[in-house]
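Chemist: sequence-free structure coming up:
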């Protein structure tokens, strides 16, 4: 009986010591995902604060029609008094292509309000594509979340 008890204690000690190994450094995919999330949070914050310069630092220089996009976002900032922009981070999919771009797919919803109280609500699922070097927004696949769609929400006048 004592031998079985001693064997169980030795086995428990061996299992416990092997479970407490050295910390493993995060993999490259985890680092890239954190960097993309950081850029996305910064863009979200600057968008809600209506800071165009800070917002555009997250957009790549070779973004398709970058100047038109910047003018459109500036128009949104000028037209609306407040912007509430929400990203559902809990249901986000981040895909890291081999030696390629990083795609993040998520659901967003937003509400833009004018000084007069008129509001526009919108939301959809979108994929944002980021460059692997610099983690800048390279393209948008789907409905552009940063441009308020025309039309008013019923009952909000």
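Modeler: That came through, no problem. No experiment lies behind these values; they were computed from the predicted model shown.
Chemist: rest of the way, CA atoms for contacts and neighbours
Modeler: Will do.
Chemist: how would you label the most centrally placed residue in the chain: helix, strand or coil?
Modeler: Taking C-alpha atoms, centre = their mean as the criterion, residue 40 is the residue nearest the geometric centre of the chain, at 4.0 Å. Three-state call for residue 40 (DSSP: H, G, I helix; E, B strand; the rest coil): helix.
Chemist: ok, and the closest non-adjacent residue to it?
Modeler: Beyond its immediate neighbours in the sequence, the residue positioned closest to residue 40 (C-alpha to C-alpha, 6 or more residues apart in numbering) is residue 58, lying 8.0 Å away.
Chemist: count of residues packed around that neighbour?
Modeler: Number of residues near residue 58 (other C-alpha atoms under 10 Å) recorded here: 19.
Chemist: Distance check, it against residue 38.
Modeler: 10 Å (C-alpha to C-alpha, to the nearest Å).
Chemist: can you pull the pLDDT of the residue nearest to the centre of the chain?
Modeler: Looking at residue 40, its pLDDT stands at 93.
Chemist: now the one 10 residues further on
Modeler: Residue 50 is assigned a pLDDT of 94 by the prediction.
Chemist: That one: neighbour count?
Modeler: The burial metric for residue 50, expressed as a neighbour count using other C-alpha under 10 Å, is 20.
Chemist: Please tell me I have it right and it contacts residue 77.
Modeler: Yes: at 5.6 Å, residue 50 and residue 77 qualify as touching, with contact defined as C-alpha atoms under 8 Å.
Chemist: Show me which positions of stretch 128-140 end up buried.
Modeler: Of the residues in stretch 128-140, 128-132, 135-140 count as buried by neighbour count, 16 or more other C-alpha atoms under 10 Å.
Chemist: Now tell me which of the residues you listed the prediction trusts least.
Modeler: Looking at the buried residues of stretch 128-140 by pLDDT, the weakest one is residue 132, with 86.
Chemist: That one is in contact with residue 103, isn't it?
Modeler: No: counting by C-alpha under 8 Å, no contact exists between residue 132 and residue 103, whose distance comes to 9.9 Å.
Chemist: For this protein, which segments count as helices?
Modeler: Per DSSP state H, the chain has helices spanning 2-19, 28-48, 52-56, 66-79. These are given in chain order.
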